[in-house]
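In: Next come a sequence and a model predicted from it.
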Amino acid sequence: MKTSRYVLLIASVLLSAALAFVARDLVRDLIVVPLSFLIWQLGELLKGVAQLVQWGILVVALALVLAWQLVPELKRPSRKTSGGRMAGGEVETMALGLLRAHASNYFKWQLAHRLGRVSRRLDELAGRNHDGAAPSTSVLEFLAAGLNHSFVDFPSRRHMFDRPTATPLDADPDQVITYLESRWFMNGKNHAESL
């Protein structure tokens with residue numbers, strides 16, 4: 001599996017080099033020559049404008065940029081604040097965390113941290129003597145990784161083609177959520193309001 005990735009990488013580099021060699025005249029004629037001619041024309045145009053006018057334009061432009069930043073009335077209202085999207089609640093935040101958890105160790109750790117805080121709060125409510133099934137080792141390691149570690153403590157992929165190493169953050173979030181839901185109704189009480 002690892003060798004096929006390297007073969008694919010080498011093939012794409014060779015194909016890119018071949019296309020660059022074949023298209024070099026086309027790129028020179030369509031991009032490099034017109035762009036260099038435009039730059040030359042702009043340079044000749046600037047030679048015809050007095051130095052005092054050039055500095056005056058620069059000072060006016062900088063004054064406008066500073067005024068735009070310092071005077072709030074000159075700024076356009078942001079689209080986000082005017083009738084934009086409302087801030088997400090806890091459920092939406094958790095759902096986004098579940099979606100992003102596949103992207104990197106940071107999002108996995110963030111999800112583990114949130115679920116670990118819920119588990120800690122359930123422990124506080126139950127007084128550490130809860131009835132129910134004991135969680136699996138992977139669930140306990142997942143919750144401990146979220147509470148006792150940072151996301152930088154877990155190795156990430158060094159290269160795009162490296163296979164990620166296994167960490168406690170790789171536990172299935174569904175198992176963790178199922179475990180936490182089983183503790184939701186401890187001692188015959190619904191602890192949803194206390195979380």
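Out: Perfect, I can see it now.

In: What ranges in this protein fall below the confidence cut-off?
Out: Residue ranges of the chain with pLDDT under 70: 1-2, 72-91, 102-103, 127-133, 155-164, 185-195.

In: can you give me the helices for it?
Out: With DSSP state H applied, the chain shows helices at 2-22, 24-27, 33-47, 51-70, 90-100, 105-126, 137-148, 173-182, listed in chain order.

In: Including distance to residue 166 and mean neighbour count, could these go into CSV?
Out: To be clear about C-beta, it is placed using only N, CA and C from the backbone, and glycine gets the same treatment. As requested, these are arranged in CSV below (distance: least, CB to CB, whole Å; neighbours: other CB atoms under 10 Å):
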stretch, distance to residue 166, mean neighbour count
helix 2-22, 16, 10
helix 24-27, 46, 10
helix 33-47, 50, 10
helix 51-70, 48, 10
helix 90-100, 20, 13
helix 105-126, 12, 19
helix 137-148, 10, 18
helix 173-182, 16, 16
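
In: Dump those helices into TSV; add distance to residue 167 as well.
Out: Compiled in TSV, those are given as follows (distance: least, CB to CB, whole Å):
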stretch	distance to residue 167
helix 2-22	20
helix 24-27	45
helix 33-47	48
helix 51-70	44
helix 90-100	16
helix 105-126	7
helix 137-148	7
helix 173-182	14
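
In: out of those helices, nearest to residue 154?
Out: Across the helices of the chain, residue 154 has its closest neighbour in helix 105-126 (4.9 Å, CB to CB).
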